[in-house]
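**Student:** Quick one, fold the following:
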Amino acid sequence: GRRRRRPPAKQQEKERYTIFCFTLKQLTAMHPELKKALTKADAFMLRYPTICHYARFKEIEDKTGYSKVYFFLASFFALLSIVLTLGGVKLVSDLVSFLYPAYASFKAIDSGKPEDDTQWLTYWVVFAFFSIIENCMWFIVSWIPMYFVLKISFFLWLYHPKFLGAGLVYQQVLRPIVLPYVKGAAPPSKKVT
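**Tutor:** As a prediction, this is how the structure comes out:
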């Protein structure tokens, strides 16, 4: 038989590009779930316009015709890649356990409500205790698989408004240990907050 002649390399490359290249608009049209996710991400960006640079991404959206969410996510993952490259997962876990709680603490100080002051003061006590234990037990920590994923999950649980785990850790673990050494403090209560 006769051998089939292969198309030139440029034509092959163009065919491959045509087969695997989808525009973002085609991808959105193909998946209604993606459209729903874009709407949720856009609502998140609108809820925190200063942190998410909503106005700046809106300008980019107007110029390009693509959703600002794509550019926000690309920027987020580029920043995350830089942070992971520079400091690794430890830096990411430290940032997760520090940045939002610090931001919320600054807001709580100016709010005038004592409940949120108590929540964030409790969080920082638990944070300090955990940091001391983590630094003293570094040789054990290095043997725990997925330690930093567990640490991130733990700190999210501590400060997430749905769980507020810092209050529970304080009441159940730290208060009974520390209270006997603090003069003039009230005895531990049986009530869990």
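**Student:** shaky segments in this protein?
**Tutor:** 1-30, 185-193 (pLDDT under 70).
**Student:** Nearest to the middle of it, which residue? Look it up for me.
**Tutor:** The chain has Val96 as the residue nearest its centroid, 6.2 Å off, counting by CA atoms, centre = their mean.
**Student:** Contacts only, for it.
**Tutor:** Going by CB atoms under 8 Å, 6 or more residues apart in numbering, Val96 touches 152, 155-156. All C-beta atoms are positioned from the backbone trio N, CA, C, and that covers glycine.
**Student:** repeat for Thr39
**Tutor:** With CB under 8 Å, 6+ apart, Thr39 has no contacts at all.
**Student:** One more: the one 5 residues further on?
**Tutor:** Under the criterion of CB under 8 Å, 6+ apart, the contact list for Phe44 reads Cys52.
**Student:** Now it: which helix or strand?
**Tutor:** helix 32-47 (DSSP states H and E).
**Student:** buried stuff in that helix?
**Tutor:** Across helix 32-47, burial judged by 16 or more other CB atoms under 10 Å covers 38, 41-42, 45.
**Student:** how far is it from where the chain is centred?
**Tutor:** Distance of helix 32-47 from the chain centroid (CA atoms, centre = their mean, to the nearest Å) equals 17 Å.
**Student:** Next, count neighbours for Leu158.
**Tutor:** 22 (other CB atoms under 10 Å).
**Student:** Check the gap between it and Pro176 for me.
**Tutor:** 18 Å (CB to CB, to the nearest Å).
**Student:** separation between Val141 and Ile133?
**Tutor:** The spacing between Val141 and Ile133, counted by CB to CB, is 9 Å.
**Student:** These two: which has the busier surroundings?
**Tutor:** A count of neighbours by other CB under 10 Å puts Val141 above the other of Val141 and Ile133, at 15 against 11.
**Student:** Pull the contacting residues for that one.
**Tutor:** Val141 neighbours (CB under 8 Å, 6+ apart): 134, 147.
**Student:** Report the separation between it and Phe148.
**Tutor:** Counting by CB to CB - Val141 and Phe148 are separated by 9 Å.
**Student:** ok, which stretches of this structure are helices?
**Tutor:** Secondary structure of the chain (DSSP state H): helices at 9-20, 24-30, 32-47, 49-52, 54-64, 68-111, 114-136, 138-141, 147-159, 165-169, 175-178.
**Student:** I'd like those as a markdown table, with distance to Gly184 appended.
**Tutor:** What follows is the helices of the chain, written out as a markdown table (distance: least, CB to CB, whole Å):
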| stretch | distance to Gly184 |
| --- | --- |
| helix 9-20 | 71 |
| helix 24-30 | 63 |
| helix 32-47 | 43 |
| helix 49-52 | 41 |
| helix 54-64 | 49 |
| helix 68-111 | 25 |
| helix 114-136 | 18 |
| helix 138-141 | 35 |
| helix 147-159 | 27 |
| helix 165-169 | 22 |
| helix 175-178 | 13 |
